[in-house]
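Novice: sequence-free structure coming up:
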């Protein structure tokens, strides 16, 4: 094993918040709309129930078919029905992450199951979370964020990190605690001849947490500061 490989393996700083990345989160109805969907009440195959459609594509009285299933819209809901809540989680199917959304009271009704990547990118672009978008490399139950700059070298120990790197680690750990899961791996190599930071960052975060505007905004901000 080369000396550089050994240095990277032994000196990369790793901070973990152990938990379950695919655990569900509760969301508000406005989150569903921000993802691009309306919640509808009406009939599905003649039975009264709740379902979703792309934002602003249906109105009361509409009748239509999707995948040979008949729908009739009674109401486009502006608020959640009494005692019902929206929960969402990530499920993996043949290597692809799916966003699964449930409407729940005493019983659970799945109202949406779509590939997570397309919905997430549209959501992040809408809010202009550019640093998060640029760092996002792949999605599973956890998402991999990757950011790097400059040539690799021997990583600095924690005690020798500059304030910007320490601040990133401090804030990222706070975000991980809020999400309930995370893994940061930072190799910080110091500055190049132009006084620019050289580093390699890998950060795993729960994919479902990125659908939370509040959390995505925090992640985008802390990524922007690491430069």
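Specialist: On my side now, so go ahead. Keep in mind that this is a model prediction, so the values were computed, not measured.
Novice: can you pull the contacts of the spatially closest residue to residue 74 that is not a sequence neighbour?
Specialist: Using C-beta to C-beta, 6 or more residues apart in numbering and skipping the chain neighbours, the partner closest in space to residue 74 is residue 42 (4.1 Å). For glycine as for every other residue, the C-beta is placed from the backbone atoms N, C-alpha and C. Applying C-beta atoms under 8 Å, 6 or more residues apart in numbering, we find residue 42 in contact with 48-49, 51, 71-75.
Novice: taking those residues one by one, which sit in strands?
Specialist: 48-49, 51, 71-75 (DSSP state E).
Novice: Give me the buried subset of those residues.
Specialist: A residue is treated as buried here by neighbour count (16 or more other C-beta atoms under 10 Å); on that basis the buried members of the ones in strands among the contacts of residue 42 are 51, 71-73.
Novice: of these, closest to residue 99?
Specialist: Each of those was scored against residue 99 by C-beta to C-beta, and residue 51 proved nearest at 15.5 Å.
Novice: what residues are up against the closest one?
Specialist: The contact partners of residue 51, by C-beta under 8 Å, 6+ apart, come to 40, 42, 44, 71, 111.
Novice: at 10 Å instead, please
Specialist: For residue 51, the set of contacting residues under the criterion of C-beta atoms under 10 Å, 6 or more residues apart in numbering consists of 37-44, 58, 66, 69, 71, 73, 103, 109-112.
Novice: coming back round to it: can you list the ones in strands among the contacts of residue 42 in JSON lines and add distance to residue 212 and pLDDT?
Specialist: As requested, the ones in strands among the contacts of residue 42 are arranged in JSON lines below (distance: C-beta to C-beta, whole Å; pLDDT from 0 to 100):
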{"residue": "48", "distance to residue 212": "31", "pLDDT": "97"}
{"residue": "49", "distance to residue 212": "27", "pLDDT": "97"}
{"residue": "51", "distance to residue 212": "23", "pLDDT": "98"}
{"residue": "71", "distance to residue 212": "29", "pLDDT": "97"}
{"residue": "72", "distance to residue 212": "33", "pLDDT": "98"}
{"residue": "73", "distance to residue 212": "28", "pLDDT": "98"}
{"residue": "74", "distance to residue 212": "30", "pLDDT": "98"}
{"residue": "75", "distance to residue 212": "27", "pLDDT": "97"}
